[in-house]
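Trainee: how does the following fold in three dimensions:
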Amino acid sequence: MLNQEVKGIIFDMDNTLLQSKINFPAMKEAVFQFLLGHGFFEPGYDWKRYTASQLIEKARMSTRMENTIEEEIWRTVARFEEEGMHGASLEPGMADLLAVLHERCCLVVLTNNAHPAAETALRETGIAKYFDYIAGREQVQALKPSSLGVQHILGRYPHIRVTEWLFVGDSWIDGKAAQDGNVRFAAYGGNREEMEGHGVLPAVYLAEARELLRYVEGGYREGA
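Mentor: Down below sits the predicted model:
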């Protein structure tokens, strides 16, 4: 029997639903170098400890941030995303899992990627039909690790209580967004050391897609 405590599932996209080929370290460095060149950071700034979206958010806090500069930053990010999502494949077992969960839960995607690129990737891999809503960066006020995206989704489904949601993602930024939004987090293939280093304590660590179904049904025991 389905665990009635899970009525809605928020999925990250890259390396959770899809096997991402996006070069995130190179993208982050490109963003930093662009912002450095425009005087938003000093040369010795410790940029590697932040995500690309966090670097952009920090720059946005400056009064020097103009629309033309921000648009160019996102064009840079979009180039990495488009290149990395071209020909993307699904995580093993994900299509079968979604087909089952779609009949039982409200399924939503929350990604820092641009909405058009995310929608295209999900459609090309044949799983877009399983999702009730896809939230890209255009739909939210701030990107993960901010919880504003989670709050945005919860606001769209007032009939589902916060305790009935589950966030599934591979990165600490997914876990941070979930925790700050008071939503349970399932780490899919996540790195324990990295998660805990950022203060993220998942409800469960999942090694493969089928374990998520067992968890939702209430029959999963980690390590069993």
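Trainee: can you show me the CA trace of the longest helix along the chain as CSV?
Mentor: Longest helix of the chain, by residue count under DSSP state H: helix 67-85. Presented in CSV, the C-alpha positions along helix 67-85 are these (Å, rounded to 0.1, in the frame of the first residue of the first chain):
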residue,chain,number,x,y,z
ASN,A,67,20.1,44.1,-16.8
THR,A,68,22.5,43.8,-19.8
ILE,A,69,25.2,42.3,-17.6
GLU,A,70,22.9,39.9,-15.9
GLU,A,71,21.5,38.8,-19.3
GLU,A,72,25.0,38.1,-20.6
ILE,A,73,25.7,36.0,-17.5
TRP,A,74,22.6,33.9,-18.0
ARG,A,75,23.5,33.5,-21.7
THR,A,76,26.9,32.1,-20.6
VAL,A,77,25.1,29.7,-18.3
ALA,A,78,22.6,28.7,-21.0
ARG,A,79,25.4,27.7,-23.4
PHE,A,80,26.8,25.2,-20.9
GLU,A,81,23.3,23.9,-20.1
GLU,A,82,22.4,23.4,-23.8
GLU,A,83,25.7,21.7,-24.6
GLY,A,84,25.4,19.4,-21.5
MET,A,85,21.8,18.5,-22.0
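Trainee: next, the angle from the host helix or strand of Ser53 to helix 67-85.
Mentor: Counting by DSSP states H and E, the element that carries Ser53 is helix 52-60. Helix 52-60 runs at 180 degrees relative to helix 67-85, counting by axes from the mean of the first three to the mean of the last three CA atoms, to 10 degrees.
Trainee: contacts for helix 52-60?
Mentor: Residues outside helix 52-60 that contact it (CB atoms under 8 Å, 6 or more residues apart in numbering): 24, 27-28, 31-32, 35, 40-41, 47, 50, 65, 70, 73-74, 77, 112, 137, 142-146, 173. For every residue, glycine as well, the C-beta is placed using N, CA and C.
Trainee: among these, which are located in helices?
Mentor: Per DSSP H, these map to helices at 24, 27-28, 31-32, 35, 70, 73-74, 77, 173.
Trainee: now a PyMOL select for only the buried ones of those residues.
Mentor: Typed into PyMOL, the line below selects the buried ones among the ones in helices among the contacts of helix 52-60, using 16 or more other CB atoms under 10 Å:
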select buried, resi 24+27+28+31+32+35+73+77+173
